[in-house]
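model the structure of this input:
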Amino acid sequence: MQSRCSGMLLTSLLIVTVTSLAVFRTSDAISRQREAVDLTPQGHREKPPRLNNLGHFFLARFQRLGEPSDLEDAISMLRDVVDLTPHGHPSKPLYLDNLGNSFLTRFDRFVELSDLEDAILSHRGAVDLTPHGHPEKPTCLGNLGASLFARFGHLWEPSDLENAISMLREAIDLTPLHHPRKPKYLNNLGNYFVSRFLLLKEPTDLDNGISSHRLAIDLIPCDHPNRPGHLYSLGNSLMVRFKHLGELGDLEDAISMQRISVDLTPRGHPEMPRYLSNLGDSLFTRFERLGDPSDLEQIISLHSHAASAPIGPIGIRFRASQKWISCAQRIRHQSLLHAYSVAVTLLPQLAWIGLPLIRRYDELTKGADLVREAAAAALDSGLLETAVEWLEQGRSIVWGELFQLRSSYEELSSAHPDHARRLRELSAALEDVSSTREKLSAPSEQTQSAVHRTTESLSQEAARHRALAIARDKLLREIRGFPGFKQFLLRRQFSQLRASAHSGPVVILNAAENRCDALIVLADVDHVIHVPLATFTFQRSAGLQNMLEKLLGHARVVLCDDRKGDPATRHGVSWESLLSTLWNGVVKPVLDALAFSTPGDLSRIFWCPTGPFVFLPIHASGFYDTQHSEPGHKVSDFVVSSYAPTLSILALAPNSNVAPSCDLRLLAVGQPPSDGLPPLPGVDTELELIRAVIQNSPSARTTLLESSVGTVEDVLSLMKEADWVHFACHGIQDAANPTESGLCLADRRRLKISDIIALSRPHGGLAFLSACQTAMGDERLSDEAIHIAAGMLFAGYGGVIGTMWSISDKLAPGVARDVYEQLFRNGTRPDYREAARALHEAIGRLRESGRASFVTWLPFIHVGL
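Down below sits the predicted model:
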């Protein structure tokens with residue numbers, strides 16, 4: 001092989017030059033072909049072939065540059081070609097095959113199963129319509145095999161793999177030895193054999209895979225653009241055999257093949273990150289086997305170049321950044337902070353705004369702990385403000401993007417009003433289509449014809465969703481090219497973030513593997529106040545979370561129960577131990593740093609927890625035994641606690657200080673009889689107590705709205721009219737699918753998080769969620785705040801009273817009454833920003849009354865302003 005390709009360096013330079021020219025020529029061809037299409041009238045026999053050529057050029061440019069709009073244009077053109085070509089036309093199979101290829105390419109990019117099914121359908125149609133003996137039959141068979149193999153990789157159905165192998169074998173048998181497409185078929189067949197080996201562990205499959213890959217390389221010319229990919233495949237199959245048999249020769253050969261693949265791949269090629277990262281993985285395997293430190297330096301270089309590449313699959317680049325971090329940590333490499341910076345920048349791109357909501361959250365699980373570890377690394381280097389900036393950039397990512405869609409872009413409006421208008425229009429349309437897509441995706445009982453219509457509508461909305469997201473991305477790139485707008489809607493500087501602490505200190509609690517810290521942000525202080533939690537560790541925070549689970553028992557997951565009288569000790573652990581540990585290890589050091597030393601002088605404080613801290617009752621920390629009955633031994637003696645998922649959510653809206661002149665409209669929603677869940681006797685009492693408070697404060701000018709039917713649609717309609725909302729019903733945090741979490745309403749339906757965030761309402765107002773599990777969150781993505789209370793915040797409510805677990809139906813009405821009495825005490829229109837203090841006092845009275853156990857008063861929390 002070496003003798004045949006002795007001019008490898010010259011070939012590599014040639015490929016770089018040819019590829020650059022190819023991009024230019026493709027763009028030029030697109031311009032000329034588009035003009036030809038525009039000049040060709042509808043119905044003309046040349047219209048389909050010219051559209052086909054144009055679609056092919058768009059697809060080729062996407063494969064070189066990775067611009068999603070090119071892929072969408074290609075599919076649009078190729079769909080039109082198929083629609084315009086009558087059945088029986090000799091070119092119909094070719095057009096179907098091309099359309100299938102474009103669908104398969106989009107599946108690889110966005111992983112939408114509907115694209116994969118469309119690809120298989122198109123490719124199967126091409127195979128069926130192509131007669132035996134036709135020179136394009138092998139191509140159609142090979143492409144159908146590729147689609148089936150992709151489905152196997154997604155759904156793991158062995159029959160798809162068997163059918164893919166069958167298709168490729170037939171394609172190879174029908175193709176002469178020196179046909180230019182023969183190497184591609186052999187390469188793909190080799191991949192399929194290796195996949196079957198990994199599934200069934202049959203050694204002959206692995207041998208056949210390697211043989212197919214070697215033959216493909218022998219047959220392909222040295223200067224062919226597919227040669228790097230074939231070398232990459234052979235390297236992978238040799239690595240599989242090394243891991244199976246442990247022969248060092250296979251490992252060295254794999255590295256050699258992968259290194260040549262990298263050398264032959266032109267800079268800027270979208271597959272370069274994959275090849276670089278894969279070579280890095282193989283070198284890491286050798287490092288683990290032989291321990292040569294020089295390998296580690298190479299590995300860091302390879303993964304850093306893969307992660308930093310301007311184009312290429314975002315998942316590949318993000319995984320490369322994680323491997324870069326891991327290797328840099330091993331030797332305390334100087335690039336570690338840069339690696340974290342790249343990874344934190346890539347993390348939001350995993351959850352691209354053009355993906356469905358559940359996919360966005362699934363993608364974020366790939367980097368669930370990343371931002372906390374990044375912040376810890378920044379703290380190790382004394383970069384306190386960078387730590388805060390990263391924590392803001394890499395947490396509550398989905399909520400943050402939603403918040404951006406609803407921004408008014410005042411600064412942009414002043415400098416570039418037309419761009420601001422277009423951005424507002426695109427953002428509004430994108431939010432609307434995202435909401436529609438979520439509704440269409442929701443499971444429901446439908447007839448077969450209705451299911452077909454829904455699937456078709458969902459496909460159309462998915463296409464519209466992607467198109468709008470792509471258009472918005474393009475517009476943002478354009479805006480960021482303007483002077484002074486380079487960081488528009490990107491990472492916010494600390495100087496901007498600290499303004500969010502306008503109502504009191506914001507305390508970010510960061511839990512990383514090797515350190516825990518409190519980072520205090522004050523509006524009038526230009527630096528972060530750093531409080532290392534020296535006696536507190538990640539293991540201790542996780543241990544306290546486990547302790548909490550034991551203490552709660554079933555309280556976290558049952559729908560309703562009066563748990564008054566639950567013991568303060570369960571399974572050998574006690575509430576006093578949990579809360580005193582939090583006080584000594586976390587909260588008291590923070591209060592000392594803030595010089596909050598006088599009990600009763602109650603400042604607001606906003607806790608912004610991360611990781612395991614998210615699930616711990618920071619707001620209740622302290623000593624509760626009889627020896628510490630005097631004030632000064634628990635957090636509630638010094639501050640009024642609120643929680644905040646991010647700093648940005650605390651930023652005041654431009655008109656937040658304007659006193660409204662109209663009546664306050666408060667919507668009260670009780671448990672509907674048709675929710676299909678056990679009755680809550682306390683709900684009627686609770687709503688009656690709220691009515692009484694309002695009636696006793698006539699000068700507060702409050703109108704009480706109530707839903708007569710309690711359906712999702714009726715409640716959503718009333719929420720648009722109301723300023724405040726109060727729910728007294730069942731709530732469920734869906735552990736299997738957190739985005740399905742919601743409040744249980746009529747007809748056994750939930751008012752889900754996706755319904756809540758689709759609301760378009762002015763900023764401000766209170767949402768009181770007197771229901772179970774409304775601020776519980778998801779343990780897989782603790783830093784994304786996937787719960788109902790956060791949904792209310794990001795829907796525009798300024799503050800939310802929620803619950804960390806299930807609550808007592810007997811005690812909830814009294815808490816609600818006391819909160820509203822405090823808010824309405826002056827007889828004037830109440831301010832939602834006083835809700836935290838009102839809850840603080842209501843829970844204090846309940847706790848001191850002796851009528852409630854820890855488990856019944858602890859779950860009530862305030863979130864937001």
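
surely Ala668 meets Val693?
No: the criterion here is Cβ atoms under 8 Å, and Ala668 misses it with Val693 at 11.1 Å. (Each C-beta comes from the backbone N, C-alpha and C, glycine too.)

gap between the two ends of stretch 767-784?
End-to-end span of stretch 767-784 (Cα to Cα, to the nearest Å): 20 Å.

follow the chain on from the least confident helix or strand in the chain by mean pLDDT and name the next helix or strand.
Counting by mean pLDDT, DSSP states H and E, the weakest-scoring helix or strand in the chain turns out to be strand 569-570, with a mean of 54. Later in the chain than strand 569-570, the nearest helix or strand by DSSP states H and E is strand 573-574.

now for that following strand, which elements pack on it?
Helices and strands touching strand 573-574, as assessed by 3 or more Cβ pairs under 8 Å, 6 or more residues apart in numbering; DSSP states H and E, comprise helix 538-552.

which residues are in contact with the helix it packs on?
Helix 538-552 has contacts (Cβ atoms under 8 Å, 6 or more residues apart in numbering) with 511-516, 556, 570-571, 573-575, 577-578, 581-582, 585, 611-613, 615-617, 805, 854-855.

hmm, 7 Å instead?
Under the criterion Cβ atoms under 7 Å, 6 or more residues apart in numbering, residues 511-513, 516, 570-571, 573, 575, 578, 581-582, 585, 611-613, 615-616, 805, 855 lie in contact with helix 538-552.

CA atoms of it as PDB?
Provided in PDB are the C-alpha atoms of helix 538-552 (Å, rounded to 0.1, in the frame of the first residue of the first chain):
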ATOM      1  CA  PHE A 538     -19.500  16.500  46.600                       C
ATOM      2  CA  GLN A 539     -19.700  13.100  48.300                       C
ATOM      3  CA  ARG A 540     -21.200  14.800  51.400                       C
ATOM      4  CA  SER A 541     -23.800  16.600  49.300                       C
ATOM      5  CA  ALA A 542     -24.700  13.400  47.500                       C
ATOM      6  CA  GLY A 543     -24.800  11.700  50.900                       C
ATOM      7  CA  LEU A 544     -27.200  14.300  52.200                       C
ATOM      8  CA  GLN A 545     -29.400  13.800  49.200                       C
ATOM      9  CA  ASN A 546     -29.500  10.100  50.000                       C
ATOM     10  CA  MET A 547     -30.300  10.900  53.600                       C
ATOM     11  CA  LEU A 548     -33.200  13.100  52.400                       C
ATOM     12  CA  GLU A 549     -34.600  10.200  50.300                       C
ATOM     13  CA  LYS A 550     -34.600   8.000  53.400                       C
ATOM     14  CA  LEU A 551     -36.300  10.600  55.500                       C
ATOM     15  CA  LEU A 552     -38.900  11.300  53.000                       C
END
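
mean confidence (pLDDT) on it, please.
On average, the pLDDT along helix 538-552 is 90.

name the residues of that helix that are buried.
For helix 538-552, burial by neighbour count (16 or more other Cβ atoms under 10 Å) applies to 538, 540-541, 544-545, 547-548, 551-552.

now Arg464: which helix or strand?
Applying DSSP H and E, one finds Arg464 within helix 448-479.

what pLDDT, on average, does whichever helix or strand comes after that helix get?
Proceeding N to C from helix 448-479, the next assigned helix or strand is helix 494-497, under DSSP H and E. For helix 494-497, the mean per-residue pLDDT is 94.

what residues does helix 494-497 touch?
Contacts for helix 494-497 (Cβ under 7 Å, 6+ apart): 385, 388-389, 392, 521, 647.

give me the subset of those residues lying in strands.
Counted as lying in strands by DSSP state E, out of the contacts of helix 494-497, are Val521.

which of the contacts of helix 494-497 sits closest to Glu686?
Taking Cβ to Cβ as the measure, Glu686 lies nearest Leu647 of the contacts of helix 494-497, at 33.6 Å.

in the stretch 401-550 of the chain, where is pLDDT below threshold?
The stretch 401-550 of the chain contains residues with pLDDT under 70 at 440-457.

repeat that with 50
For the stretch 401-550 of the chain, the stretches flagged by pLDDT under 50 are 445-447, 450-451.

still on that earlier bit, buried among the contacts of helix 538-552? Make that a ChimeraX selection.
Buried residues among those (16+ other Cβ under 10 Å), as a ChimeraX selection:
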select :511,512,516,573,575,578,581,582,585,611,612,613,615,616,805,855
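
and Ala767, that one's in a strand?
Yes: counting by DSSP: H, G, I helix; E, B strand; the rest coil, Ala767 is part of a strand.

from what I can see it touches Met719, true?
No: counting by Cβ atoms under 7 Å, Ala767 stays clear of Met719, with 9.0 Å between them.

any common contacting residues for these two?
Val725.

quick one: Ser166 from Leu276, how far?
Here the criterion is Cβ to Cβ, to the nearest Å. By it, Ser166 lies 34 Å from Leu276.

who has more neighbours, these two?
Neighbour count, other Cβ atoms under 10 Å: between Ser166 and Leu276, Leu276 has more, with 27 against 14.

do you know how far Ile220 is from Ser233?
Applying Cβ to Cβ, the value for Ile220 to Ser233 is 11 Å.

what residues sit buried inside the helix or strand where Ser233 lies?
Using DSSP H and E, Ser233 maps to helix 227-245. For helix 227-245, burial by neighbour count (16+ other Cβ under 10 Å) applies to 227-242.

one more: stretch 595-604?
Residues of stretch 595-604 classed as buried by neighbour count (16+ other Cβ under 10 Å): 596, 602, 604.

skipping adjacent residues, who's closest to the last one in space?
Nearest residue to Arg604, sequence neighbours excluded (Cβ to Cβ, 6 or more residues apart in numbering): Gly504, at 3.3 Å.

isn't the one you found up against Leu602?
No: between Gly504 and Leu602 there is no contact under Cβ under 7 Å: 10.1 Å.

quick one, phi psi at Arg825?
Backbone torsions of Arg825, given as degrees, to the nearest 10, read phi -60, psi -30.

Leu522 too?
Dihedral angles (degrees, to the nearest 10) for Leu522: phi -120, psi 140.

can you get me a residue count around it?
By other Cβ under 10 Å, the residues close to Leu522 number 16.

ok, now which ones touch it?
Shown in contact with Leu522 (Cβ under 7 Å, 6+ apart): 498, 501, 505, 529.

Ile801 belongs to a helix, doesn't it?
No: counting by three-state DSSP, Ile801 is not part of a helix but strand.

which residues does the strand or helix carrying Arg274 contact?
Per DSSP H and E, Arg274 falls inside helix 272-290. The list of residues contacting helix 272-290 from outside it, by Cβ under 7 Å, 6+ apart, reads 228, 232, 235-236, 239, 251, 254-255, 258-259, 261-262, 265, 295-296, 298-299, 302-303, 305-306, 309, 312-313, 316-317, 319-320, 323.
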